[in-house]
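Chemist: Fold the following, please.
(3 chains)
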Amino acid sequence: MTTLIVIDQAPYGSWSGREALDMVFSLAAFDQPAALLFIGAGVNWLRKSQDAGGIGQKTVEKNLAAAPVFGVEQILAEQSACERFRLGEEDRLNGVELIPSVRDALDRFERIVFAG
Amino acid sequence: MTQEQTIQATLHILNKSPSHPRFATCLAAVHEGDTLALAENAVLAVTDSTTSLPRNCVALGADLEARGLAGNPNVQIISYGDLVRLTAEHSRTVSW
Amino acid sequence: MSPGLSYTLVITGAPWSSQAPQTALAFAQELIAAGHHIDRVFLYGEGVHLASALSTPPSDEPHWPGQWADFLADNQTPGVACIASALRRGIVDQGEQARYELSANNLRQPYQIAGLGEWVEGNLKSDRVIYFHGSH
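Modeler: Purely as a prediction, here's the structure:
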């Protein structure tokens, strides 16, 4: 039973997205199938060339790039949100699959979880 | 990923105010046959002129009463015990 | 309705910045009344503030952390605060106080501090996992 963790909060401005990522990594560490979905402002997690040193944080891009290595099955993003935030294919991290809507994700995954 | 031929009905528990982005995301994700349970700030939806609620929509009575909306008849009013029953009846619950 | 289901409750909203602990407590009380079992209550993210022993609302206001602790004790329900969420937010038990050589500890009884593995186990073993999120 794959658990889909949904992130709709923009990166850096709050900690909830990072805590969502901890959840997905934790599932993977226990060999439980897990996937990530970014919607709304959350798709900005997926932008290339992030550098958060100037705001005193670690860049989340590296954590995300490691997700497949740690067993996260899929990284999905909401197409309309990518368009809204001008996140074209060349701007996005590799390996992200676009889906038309959250409704579509509800059809594909049994468990849907927001981290907060 | 598992793709099931038949999608079982889902219980959606929504606690965000109608002005929160997740509110609209939730409403767009509710399928025919699903149940939407409004809790906390989400019960303001019953008096929101810009929101049209799905057919199977219920709202926590205590939250409606707290906000002066208990007299609003356009949703079925439920208790916390009813909410427990709904989570038991649905194999899937999504908390928004 | 099918009586006797097992539940894991996850609270991610903090007292005083959200209604999540109140809603979750009313829900938990009705779960027990309906004959269901609560495997654990897992506090995550901002929800760990519910486990602070130092929360002290004015005496004429409801004491959500105290009410929750009483509920857990009365029903012998395990209450678990996620260790990573808790330590970041200054919720510390005796063990972590010693490990990090901190000046105090403040984990409210009967909570325990543990990892996200407790949440994973809830996903595996409980019939239902229900989340109570913040408002923001």
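
Chemist: where along chain B do the helices fall?
Modeler: Assigned by DSSP state H, the helices in chain B fall at B:21-29, B:61-66, B:80-89.

Chemist: can you pull the buried residues of the longest one?
Modeler: Neighbour-count burial for helix B:80-89 flags B:80, B:83, B:84, B:85, B:86, B:87, B:88 (criterion: 16 or more other Cβ atoms under 10 Å in any protein chain shown). Where you see a C-beta, it was placed from the backbone N, CA and C, and this is true even at glycine.

Chemist: Which of those sits closest to chain A?
Modeler: Nearest to chain A out of the buried residues of helix B:80-89 is residue B:87 (Cβ to the nearest Cβ; 13.9 Å).

Chemist: Just give the nearest non-adjacent residue to that closest one, would you?
Modeler: Using Cβ to Cβ, 6 or more residues apart in numbering or on different chains and skipping the chain neighbours, the partner closest in space to residue B:87 is residue B:93 (5.3 Å).

Chemist: thinking the one you found is in contact with residue C:128, fair?
Modeler: Yes - assessed by Cβ atoms under 8 Å, residue B:93 is found in contact with residue C:128 at 6.8 Å.

Chemist: what touches both of these two?
Modeler: residue B:87 (Cβ atoms under 8 Å, 6 or more residues apart in numbering or on different chains).

Chemist: end-to-end on stretch B:71-81?
Modeler: End-to-end span of stretch B:71-81 (Cα to Cα, to the nearest Å): 20 Å.

Chemist: and what of stretch C:76-86?
Modeler: End-to-end for stretch C:76-86, by Cα to Cα: 22 Å.

Chemist: Following element in sequence after the helix ranked longest in chain C, please.
Modeler: Taking DSSP H as the criterion, chain C has its longest helix at helix C:20-33. Next helix or strand after helix C:20-33 toward the C-terminus (DSSP states H and E): strand C:37-43.

Chemist: quick one: buried residues of that next one?
Modeler: If you call a residue buried by 16+ other Cβ under 10 Å, then strand C:37-43 has these buried ones: C:38, C:39, C:40, C:41, C:42, C:43.

Chemist: Just want the angle from that strand to helix C:20-33.
Modeler: 170 degrees (axes from the mean of the first three to the mean of the last three Cα atoms, to 10 degrees).

Chemist: and strand C:37-43, what other elements does it pack with?
Modeler: strand C:6-11, helix C:20-33, strand C:79-82, helix C:117-125 (3 or more Cβ pairs under 8 Å, 6 or more residues apart in numbering or on different chains; DSSP states H and E).

Chemist: hey, C-alpha coordinates of the longest one in CSV?
Modeler: What it means is helix C:20-33. The C-alpha coordinates for helix C:20-33 follow below in CSV (Å, rounded to 0.1, in the frame of the first residue of the first chain):
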residue,chain,number,x,y,z
ALA,C,20,-6.3,20.4,16.4
PRO,C,21,-5.8,19.2,20.0
GLN,C,22,-9.4,20.0,21.0
THR,C,23,-10.9,18.3,18.0
ALA,C,24,-8.6,15.3,18.4
LEU,C,25,-9.5,15.0,22.1
ALA,C,26,-13.3,15.1,21.4
PHE,C,27,-12.7,12.6,18.7
ALA,C,28,-10.6,10.3,20.9
GLN,C,29,-13.2,10.4,23.7
GLU,C,30,-15.9,9.3,21.3
LEU,C,31,-13.7,6.6,19.9
ILE,C,32,-13.4,5.0,23.3
ALA,C,33,-17.1,5.5,24.0
